[in-house]
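Novice: Compute the structure for the input listed below.
(chains A and B)
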2 protein chains.
Amino acid sequence: MTQLVRVQNFNVSRDGIGAGEDQTLERPFGHVDPGRLFAWAGATASWPMRTEPGGSRGLDDYLTRDYDRNIGAEIMGRNKFGPYRGPWEDHEWNGWWGDRPPFRTPVFVMTHHPRESLTLADTTFHFVAGDPATVLDLAKEAAAGKDVRLGGGVTTIRQFLDADLVDTLHVTVSPVDLGHGLRLWDSPSDLLDRFHLDVVPSPSGVTHHLFWRR
Amino acid sequence: MTQLVRVQNFNVSRDGIGAGEDQTLERPFGHVDPGRLFAWAGATASWPMRTEPGGSRGLDDYLTRDYDRNIGAEIMGRNKFGPYRGPWEDHEWNGWWGDRPPFRTPVFVMTHHPRESLTLADTTFHFVAGDPATVLDLAKEAAAGKDVRLGGGVTTIRQFLDADLVDTLHVTVSPVDLGHGLRLWDSPSDLLDRFHLDVVPSPSGVTHHLFWRR
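Specialist: Residues are numbered from 1 along each chain as shown, chains lettered A, B, ... in the order given. From the prediction side, this is the model:
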């Protein structure tokens, strides 16, 4: 089986924005209210952060339930772990993901400032330097034959797209315009030179964009 | 976790027909050419019967790749196993599914004529008598906490719907009219008293119907 590099459940606005620029500890998405982009996912039965029973089991749930299917490792940018730039100062702070992070695999956090690995429940964060291809080699080895999820944020996904290292992307476009922020694309058609695309409007109001390599 | 009873990748025509009436050994779907109903699934990367690499990874693939997710057992009608009615005569014939059936779990074949269990690679067929609730109890126990897939055919699904034992259904409607045969429904709206429904047109031309219990 081919080991795929997959973007899963990544959320952007109609104008292609996935997060605000002015990230802080209190506001991981900066000026952007993540609820406006993530609400569709939170309503599903399989949402990985769900803590109570219930939720829908229609189209949107097929997308959220695929989040961990055959995933053996995740790669994320440093600012999906925390807001800090530069050398690590607070080694006691364990990131935004709580005591039981939803990843449940090794996670490779890309940073110019490596530090010791950190295990929280079923998830171990490794802090690694290097270009996308180098980090991907580490993640693929850790995934032991399973796929690698490319978790974001925007900047990290763009780096991997620029290096042509992504096999499939699921990007959900919410019917809101944000105007400014970190932009994944000008238009989904930016990727059509290298990817097939199914555009799938959901009854919930969002539109799923499913890309796979040509 | 709730143990769900799930219909997955079940295929009918626009007029609700899932198979022909005149089933034979050579024609499991009777007068119906199954290719007209199944082609969408065979084109996907995750089609369980796929033997060669390749295939699409868009919307249709999300449906086929969910086929075995968290499934611990299958229930099928006797005529999904083989065409024979009445007492078993040919105990050497091992059903339509070949040496490596795609189920890879215990499979409970509903029949008024029990016979010895049959193991083929990762699949064991158990031939059991009883009403839907009785057979479901056996399948749930065998599934050990995972979900139970209700595999069909039409008559079996209707029996389980009549007994109100189904939690989710994925039924794909192909843009063909067959006129006569075994009919799952007059219209998908037959089920709306008990189920939510997402109707999802696929770029491939079929329309996925995703039901979940209210």
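
Novice: Only C-alpha atoms from now on, for both contacts and neighbour counts.
Specialist: Fine.

Novice: Now do the same contact list for the residue minimising distance to the centre of chain A.
Specialist: Taking C-alpha atoms, centre = their mean as the criterion, A:Gly151 is the residue nearest the geometric centre of chain A, at 2.6 Å. Residues touching A:Gly151, when contacts are defined by C-alpha atoms under 8 Å, 6 or more residues apart in numbering or on different chains, comprise A:7-8, A:10, A:74-77, A:157.

Novice: Kindly report the same for A:Gly181.
Specialist: Applying C-alpha under 8 Å, 6+ apart as the definition, the contact partners of A:Gly181 turn out to be A:17-21, A:32.

Novice: I'd like those residues laid out as JSON lines, including secondary structure and neighbour count.
Specialist: Output for the contacts of A:Gly181, formatted as JSON lines (DSSP: H, G, I helix; E, B strand; the rest coil; neighbours: other C-alpha atoms under 10 Å in any protein chain shown):
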{"residue": "A:Ile17", "secondary structure": "strand", "neighbour count": "24"}
{"residue": "A:Gly18", "secondary structure": "strand", "neighbour count": "28"}
{"residue": "A:Ala19", "secondary structure": "strand", "neighbour count": "26"}
{"residue": "A:Gly20", "secondary structure": "coil", "neighbour count": "20"}
{"residue": "A:Glu21", "secondary structure": "coil", "neighbour count": "15"}
{"residue": "A:Val32", "secondary structure": "coil", "neighbour count": "22"}
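
Novice: I'd like to know which elements the helix ranked longest in chain A is packed against.
Specialist: Using DSSP state H to assign secondary structure, the helix with the most residues in chain A is helix A:132-143. When contacts are defined as 3 or more C-alpha pairs under 8 Å, 6 or more residues apart in numbering or on different chains; DSSP states H and E, helix A:132-143 packs onto strand A:71-77, strand A:106-110, strand A:147-152.

Novice: Give me the packing partners of the second one, helices and strands only.
Specialist: Based on contacts counted as 3+ C-alpha pairs under 8 Å, 6+ apart, the elements that strand A:106-110 packs against are strand A:71-77, helix A:78-81, strand A:123-128, helix A:132-143.

Novice: which one of the helices and strands packed on helix A:132-143 lies closest to A:Thr123?
Specialist: strand A:106-110 (5.8 Å; C-alpha to C-alpha).

Novice: Can you give the strand pairings for that closest one, parallel or anti for each?
Specialist: In the sheet containing strand A:106-110, its partner strands are strand A:71-77 (parallel), strand A:123-128 (parallel), by DSSP bridges.

Novice: can I assume A:Asp15 is in contact with A:Asp186?
Specialist: Yes - the criterion here is C-alpha atoms under 8 Å, and A:Asp15 meets it with A:Asp186 at 7.0 Å.

Novice: So which of those two has more stuff around it?
Specialist: A:Asp15 (21 against 11; other C-alpha atoms under 10 Å in any protein chain shown).

Novice: what's the closest non-adjacent residue to the more buried one?
Specialist: Counting by C-alpha to C-alpha, 6 or more residues apart in numbering or on different chains, the nearest residue to A:Asp15 once its immediate chain neighbours are dropped is A:Asp177, at 5.6 Å.

Novice: cool, and A:Phe103?
Specialist: A:Phe103's closest residue in space is A:Thr123 (C-alpha to C-alpha, 6+ apart), at 6.1 Å.

Novice: ok, and which of the contacts of A:Gly181 reach chain B?
Specialist: For chain B, no contacts are drawn from these by C-alpha under 8 Å from any C-alpha of the partner chain.

Novice: can you put the residues you listed in CSV and add distance to B:Pro102 and pLDDT?
Specialist: CSV is the format used below for the contacts of A:Gly181 (distance: C-alpha to C-alpha, whole Å; pLDDT from 0 to 100):
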residue, distance to B:Pro102, pLDDT
A:Ile17, 42, 96
A:Gly18, 40, 96
A:Ala19, 42, 93
A:Gly20, 46, 90
A:Glu21, 48, 88
A:Val32, 46, 89
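
Novice: so which of those comes closest to B:Asp198?
Specialist: For those, the minimum distance to B:Asp198 (C-alpha to C-alpha) is 26.4 Å, reached by A:Gly18.

Novice: The closest one contacts A:Gly30, doesn't it?
Specialist: No - A:Gly18 sits out of contact with A:Gly30 when judged by C-alpha under 8 Å, with a separation of 10.3 Å.

Novice: Distance of the residue at the greatest distance from the centre of chain A relative to chain B?
Specialist: With distances taken as C-alpha atoms, centre = their mean, the residue sitting farthest from the centre of chain A turns out to be A:Glu89, at 25.0 Å. Using C-alpha to the nearest C-alpha, to the nearest Å, we find A:Glu89 at a distance of 41 Å from chain B.

Novice: All the helices of chain A, residue numbers only.
Specialist: Using DSSP H, the helices of chain A run over residues A:34-42, A:59-65, A:78-81, A:132-143, A:154-162.

Novice: Next up, the contacts around A:Arg183.
Specialist: A:Arg183 makes contacts with A:15-19, A:154, as judged by C-alpha under 8 Å, 6+ apart.

Novice: go again using 7 Å as the cut-off
Specialist: Taking C-alpha atoms under 7 Å, 6 or more residues apart in numbering or on different chains as the criterion, A:Arg183 is in contact with A:16-18, A:154.

Novice: burial count for the closest residue to A:Thr124 other than its chain neighbours?
Specialist: Using C-alpha to C-alpha, 6+ apart and skipping the chain neighbours, the partner closest in space to A:Thr124 is A:Pro106 (4.8 Å). Other residues lying near A:Pro106 total 22 when counted by other C-alpha under 10 Å.

Novice: Around chain B, which positions in chain A sit nearby?
Specialist: With C-alpha under 7 Å from any C-alpha of the partner chain as the criterion, chain A meets chain B at residues A:57-59, A:62, A:198, A:203, A:210-212.

Novice: Among the residues you listed, which one lies nearest to B:Glu141?
Specialist: Distance to B:Glu141 across the residues of chain A next to chain B (C-alpha to C-alpha) is lowest for A:Arg57, with 23.6 Å.
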